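Participant: Give me a 3D structure for the following:
(2 chains)
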2 protein chains.
Amino acid sequence: MSNKSAGLAGVVAGQSAIATVGTGQGLNYRGYSIDDLAMHASFEEVAYLLIYNKLPTRAELTAYIAKLVSLRTLPSELKSVLRLIPPTTHPMDILRTGCSMLGTLEPELDFTQQFAIADRLLAILPGMLCYWYLYNFADKEISGLSDEATIAGHFLALLHSRKPDKLQRDMLDVSLILYAEHEFNASTFAARVTAATLSDFYSAITSAIGTLRGPLHGGANEAAMELIAACITPDDAEREVMQRLAMKNKIMGFGHRVYKTCDPRSNIIKAWSKKLGVAQSAESLYTISERIEAVMWREKKLFPNLDFYSASAYHYCGIPTALFTPIFVMSRVTGWAAHVIEQRADNRLIRPDAEYIGPDPRKYVAIDNR
Amino acid sequence: MSNKSAGLAGVVAGQSAIATVGTGQGLNYRGYSIDDLAMHASFEEVAYLLIYNKLPTRAELTAYIAKLVSLRTLPSELKSVLRLIPPTTHPMDILRTGCSMLGTLEPELDFTQQFAIADRLLAILPGMLCYWYLYNFADKEISGLSDEATIAGHFLALLHSRKPDKLQRDMLDVSLILYAEHEFNASTFAARVTAATLSDFYSAITSAIGTLRGPLHGGANEAAMELIAACITPDDAEREVMQRLAMKNKIMGFGHRVYKTCDPRSNIIKAWSKKLGVAQSAESLYTISERIEAVMWREKKLFPNLDFYSASAYHYCGIPTALFTPIFVMSRVTGWAAHVIEQRADNRLIRPDAEYIGPDPRKYVAIDNR
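Facilitator: Coordinates of the predicted model:
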């Protein structure tokens, strides 16, 4: 092989029954199209579908939401750890460390606990993040609880210490659906590599969080926001993008390893970004984004991926840019959980080979003769 | 593909210049045979070879050891976190959480810091582990510092609160060399998957620790010890193994995904196990191990891997079984570091495909019609 085929691009690393990505069927979660789910389902319904492998009935969904609400409490030792993490920390490191710490407080002693742990993580992540964030940036210790039933509403209520705006909550709910699952993306694959040694659930999710943290993966929506925020008008944006392209800088939020013509999630979040811009009479962020999209297509034939319009949509909700990737975690934890459960059900250690390109065998030279 | 070819067995996932495993050249680290290194080098020399890609001169090694000694200090916030982790915790979770926490206290802001962070982790892990262990099981708060120059001596000095026995220290030094690096094993591969999103160094090492934790990977030496400790005599051991085989139980510490006829590291650690047994006039653990080896070969044609004789060798040093896999971390962190550095030098996102075996596209049914 040449190293051009590195990165396992196009290499099948296993079987999965969870999502279709780039198979020509569009993006489906367990057979249901992302368009239908984003239009008709709630994020909790999708979480249930991914983790429990069926769409819930009304009674099941009501019970599931109540269960998730009951699992929000932050253990006091976890809060102590969160208070010890400096305010300068990348918020993804909060979730990575918090998830790992929770694994010491509520360990998985038996794989039969895996569904309970998946639900616990899904329920606790917004509180974990907002506790640390508000402790450091609003000088208050929150309980981590709220009156909001949904995860989208709960997160916004904690972050802003008020009842969330309905439109913002609905957008975030859709965004969580769109980010929930995406086959063998890098963070999910990391979770499966970890799970395949039969390690515990928390280790797998911790690996996934640390992997999602990278700018080539989850960090893209933050980088997209940085570009958009640097522009005042669409013409500004055009100049800025042209300049960055001339300097061969990578513009984040465009193109995709698997998708070649478009990201089926992009138009959905784009419509929500526009809706929020109009509702807030603050469309410039949206029109700037649209211009960037047009320039990227004209110049590079690259289409926006989910991350690009998520940036403006989140910004319209008053969400600090540093929390964009952690929101991705709050959502994708459902897909990660589904993959860990699937990996365990038919496990094989994931251990590829390397092509050796190092020195030939050589004689050891005693240290004083070097 | 059939799922039998899952796990990427035999699939080349990238290039590497670090180790040869199963290429017919024996196990070499950067071209130097493991036999030569185990016989002539110190672990710090091997760490330097792996991380800095050359064997150090005498002056370089002296400076490197002094540097590692200077990097042992445990930050007070880290000690606070370690005290918050319950005594019932799996010690691998200490290192996973401690590494993640350290990443918040001393973050990698720039990849030029990667060598400094590799050295810092290598230096601090024994103190991190022993601080938590002795706080919980000896009721004392240690400083995490010692007068021992080497990592092997430092760990034993901290663990036992006394100057280590020379033979034990020498064995552990060799063991650290043997465990230091092994190409694309699961934990190293997890580190590379994480690093390939251009995430930070701590995220990659945290993923690796969580992956090594699994019983199909690092946990094997602990499982081997459990079997050995359950036997009083070699005949006992023979009965026990036959019984477990009859019940189709997996005997840990035997066979290997890549090696098909022997593990080149096994005889080296076996000789050290025998040496310690003889020196302590306590050979039964060794003779029990030998009998298990003979039975496994006779019955299953399986050879012992590095983990098997490491178990008795560590036990001879008075190391609690629960700390066996964490010692693996103290050593393998050098190989992980080398792989993260190598991955970054010619990076490509690691993102394989899945073979979809789930349901065909299906119509979303409104919740009240389910």
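Participant: Can you show me the helices along the stretch 201-350 of chain A?
Facilitator: Listed in chain order, the helices of the stretch 201-350 of chain A (DSSP state H, counting those that start in this stretch) span A:201-212, A:220-229, A:234-246, A:266-279, A:284-300, A:306-316, A:324-345.
Participant: any bit of the next helix or strand after the longest one sitting next to chain B?
Facilitator: Translated: helix A:324-345. Heading C-terminal from helix A:324-345, the first helix or strand you meet, by DSSP states H and E, is strand A:353-356. Yes: for strand A:353-356 and chain B, the contact criterion (C-beta under 8 Å from any C-beta of the partner chain) is met by A:353-356. C-beta coordinates here come from the backbone N, C-alpha and C atoms, glycine included.
Participant: At the geometric centre of chain A, which residue do we find?
Facilitator: For chain A, the residue lying nearest the average C-alpha position, counting by C-alpha atoms, centre = their mean, turns out to be A:F328 (2.5 Å).
Participant: Surely it touches A:L212?
Facilitator: Yes: counting by C-beta atoms under 8 Å, A:L212 is a contact partner of A:F328 at 6.2 Å.
Participant: Need the residues touching each of the two.
Facilitator: The overlap between the contact sets of A:F328 and A:L212 (C-beta atoms under 8 Å, 6 or more residues apart in numbering or on different chains) consists of A:G218.
Participant: Give the residue spans of chain A that score low on pLDDT.
Facilitator: Applying pLDDT under 70 to the predicted model, the residue ranges of chain A that meet it are A:1-5.
Participant: need the strands for it, in chain order.
Facilitator: Taking DSSP state E as the criterion, chain A carries its strands at A:12-16, A:19-20, A:28-29, A:32-33, A:353-356.
Participant: mind checking which of the ones you listed is nearest A:Y309?
Facilitator: Closest approach to A:Y309 among these is made by strand A:32-33 (19.1 Å; C-beta to C-beta).
Participant: from the chain's centre, how far out does the closest one sit?
Facilitator: Distance, stretch centre to chain centre, for strand A:32-33: 19 Å (C-alpha atoms, centre = their mean, to the nearest Å).
Participant: In the stretch 51-200 of chain A, which residue sits closest to chain B?
Facilitator: Evaluated by C-beta to the nearest C-beta, the stretch 51-200 of chain A has A:T197 as its residue closest to chain B, separated by 2.6 Å.
Participant: Give me the neighbour count for that residue.
Facilitator: Number of residues near A:T197 (other C-beta atoms under 10 Å in any protein chain shown) recorded here: 27.
Participant: Give me the nearest residue to it, chain neighbours excluded.
Facilitator: Distance criterion C-beta to C-beta, 6 or more residues apart in numbering or on different chains; nearest residue to A:T197, sequence neighbours excluded, is B:G214 at 2.6 Å.
Participant: Counting neighbours, what do you get for that neighbour?
Facilitator: Around B:G214 sit 25 other residues, with neighbours defined as other C-beta under 10 Å.
Participant: and what of A:L84?
Facilitator: Going by other C-beta under 10 Å, the residues that sit close to A:L84 add up to 20.
Participant: Against B:P304, how distant is it?
Facilitator: In this structure, A:L84 and B:P304 are 43 Å apart, going by C-beta to C-beta, to the nearest Å.
Participant: Distance to chain B for the helices of the stretch 201-350 of chain A - can I get that in a markdown table?
Facilitator: Putting the helices of the stretch 201-350 of chain A into a markdown table (distance: least, C-beta to the nearest C-beta, whole Å) gives the following:
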| stretch | distance to chain B |
| --- | --- |
| helix A:201-212 | 3 |
| helix A:220-229 | 10 |
| helix A:234-246 | 18 |
| helix A:266-279 | 15 |
| helix A:284-300 | 18 |
| helix A:306-316 | 13 |
| helix A:324-345 | 9 |
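Participant: what's the most buried one of those?
Facilitator: Of all these, helix A:201-212 carries the top mean neighbour count, a mean of 33, counting by mean count of other C-beta atoms under 10 Å in any protein chain shown.
Participant: Just the angle for that helix relative to helix A:324-345, thanks.
Facilitator: Here the directions of helix A:201-212 and helix A:324-345 differ by 130 degrees (axes from the mean of the first three to the mean of the last three C-alpha atoms, to 10 degrees).
Participant: now helix A:201-212, how far from the chain's geometric center?
Facilitator: On the basis of C-alpha atoms, centre = their mean, the separation between the geometric centre of helix A:201-212 and that of its chain is 12 Å.
Participant: on contacts alone, who are the packing partners of it?
Facilitator: In this structure, helix A:201-212 makes packing contacts with helix A:91-105, helix A:114-137, helix A:186-195, helix A:324-345, helix B:91-105, helix B:186-195, helix B:201-212, judged by 3 or more C-beta pairs under 8 Å, 6 or more residues apart in numbering or on different chains; DSSP states H and E.
Participant: Let's have those helices in a markdown table, adding distance to B:S281.
Facilitator: Below are those laid out as a markdown table (distance: least, C-beta to C-beta, whole Å):
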| stretch | distance to B:S281 |
| --- | --- |
| helix A:91-105 | 40 |
| helix A:114-137 | 47 |
| helix A:186-195 | 43 |
| helix A:324-345 | 45 |
| helix B:91-105 | 30 |
| helix B:186-195 | 37 |
| helix B:201-212 | 34 |
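Participant: Mind checking the ones you listed for the one nearest to A:H40?
Facilitator: Counting by C-beta to C-beta, and looking across all of these, nearest comes helix A:324-345 at 17.4 Å.
Participant: Export that closest one to PDB, keeping only CA atoms.
Facilitator: C-alpha atoms of helix A:324-345 as PDB (Å, rounded to 0.1, in the frame of the first residue of the first chain):
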ATOM      1  CA  PHE A 324     -20.500  23.900  20.100                       C
ATOM      2  CA  THR A 325     -18.500  20.600  20.100                       C
ATOM      3  CA  PRO A 326     -19.700  19.600  23.600                       C
ATOM      4  CA  ILE A 327     -23.300  19.800  22.200                       C
ATOM      5  CA  PHE A 328     -22.100  17.400  19.500                       C
ATOM      6  CA  VAL A 329     -21.200  15.100  22.400                       C
ATOM      7  CA  MET A 330     -24.600  15.400  24.100                       C
ATOM      8  CA  SER A 331     -26.100  14.200  20.900                       C
ATOM      9  CA  ARG A 332     -23.600  11.700  19.500                       C
ATOM     10  CA  VAL A 333     -23.400   9.900  22.800                       C
ATOM     11  CA  THR A 334     -26.500   8.100  21.600                       C
ATOM     12  CA  GLY A 335     -24.800   6.800  18.500                       C
ATOM     13  CA  TRP A 336     -21.700   5.900  20.400                       C
ATOM     14  CA  ALA A 337     -23.800   4.000  22.800                       C
ATOM     15  CA  ALA A 338     -25.500   2.100  20.000                       C
ATOM     16  CA  HIS A 339     -22.200   1.200  18.500                       C
ATOM     17  CA  VAL A 340     -20.600   0.000  21.800                       C
ATOM     18  CA  ILE A 341     -23.700  -2.200  22.400                       C
ATOM     19  CA  GLU A 342     -23.500  -3.500  18.800                       C
ATOM     20  CA  GLN A 343     -19.700  -4.100  19.000                       C
ATOM     21  CA  ARG A 344     -20.100  -6.100  22.200                       C
ATOM     22  CA  ALA A 345     -22.900  -8.300  20.700                       C
END
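Participant: quick check: angle from that helix to helix A:91-105?
Facilitator: Using the same axes, to 10 degrees: helix A:324-345 against helix A:91-105 is 40 degrees.
Participant: Helix A:324-345 to helix A:114-137, inter-axis angle?
Facilitator: Angle between the axes of helix A:324-345 and helix A:114-137 is 160 degrees (criterion: the same axes, to 10 degrees).
Participant: got the angle for helix A:324-345 vs helix A:186-195?
Facilitator: Here helix A:324-345 runs at 40 degrees with respect to helix A:186-195, directions being taken by the same axes, to 10 degrees.
Participant: if we can go back for a sec, most surrounded residue in the residues of strand A:353-356 next to chain B?
Facilitator: If you count neighbours using other C-beta under 10 Å, the busiest of those is A:A354, which has 25 neighbours.
Participant: Just give me the neighbour total for the closest residue to that residue other than its chain neighbours.
Facilitator: Taking C-beta to C-beta, 6+ apart as the measure, A:A354 lies nearest to B:S16, with 4.0 Å between them; neighbours along the chain are not counted. Applying other C-beta under 10 Å, we find 23 other residues in the vicinity of B:S16.
Participant: Alright, that wraps it up for me.
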